[in-house]
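Trainee: Sequence below, structure please.
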Amino acid sequence: MKNNFKEFQKSLQNIQNNLYRGIQIGLHKTNEDIKKDVIDKSKEAKTGKTYKIKTATGYKIHIASAPTEHYARLTGKMNKMIFHNVNGLEASIGSQTNYAPFVEFGTKKMTGRKSFAKSGIYSVQKTLENNIKNGINSKLKGE
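Mentor: Numbering: from 1, shown residues only. Below is the predicted model of the structure:
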């Protein structure tokens, strides 16, 4: 009887570990989805103010984002420095540029633009649920 109980406990622990890991897999996949979505939307055409920007070889025209649009990509640095992390059952995503908070939340002179918190995270709730279900299912199947 003791042996059966120990096997049962071990089986429950294995299920718990697989659930935990499956949730982590789902969170990681969702972070990847958000990152791709944010980068794709930053590359879309914008309708904001047009600027003439001096470059090493001359001038370049840049169309900024309007307040209701995703941020406009100028150098690509913000996209290149996107990070995401899953620690336990917490997920984080952002850009490591020093100006990312100003783009996201705005300044006195500029309304914040859509990026991570304002669009990416809230728009993937159903995707998050599906990714977690898929992650749990794959772990329970032993994948």
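
Trainee: Which neighbouring elements make contact with the one helix or strand in the chain whose mean pLDDT sits lowest?
Mentor: Lowest by mean pLDDT, DSSP states H and E among the helices and strands of the chain is helix 125-140, with a mean of 86. Under the contact criterion of 3 or more Cβ pairs under 8 Å, 6 or more residues apart in numbering; DSSP states H and E, helix 125-140 touches helix 2-42. For glycine as for every other residue, the C-beta is placed from the backbone atoms N, C-alpha and C.

Trainee: what packs against the helix it packs on?
Mentor: Helix 2-42 sits against helix 77-80, strand 82-87, strand 90-95, helix 125-140, with contacts defined as 3+ Cβ pairs under 8 Å, 6+ apart.

Trainee: Make CSV out of the ones you listed and add distance to Glu69 and mean neighbour count.
Mentor: What follows is those, written out as CSV (distance: least, Cβ to Cβ, whole Å; neighbours: other Cβ atoms under 10 Å):
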stretch, distance to Glu69, mean neighbour count
helix 77-80, 15, 16
strand 82-87, 18, 14
strand 90-95, 17, 17
helix 125-140, 22, 16
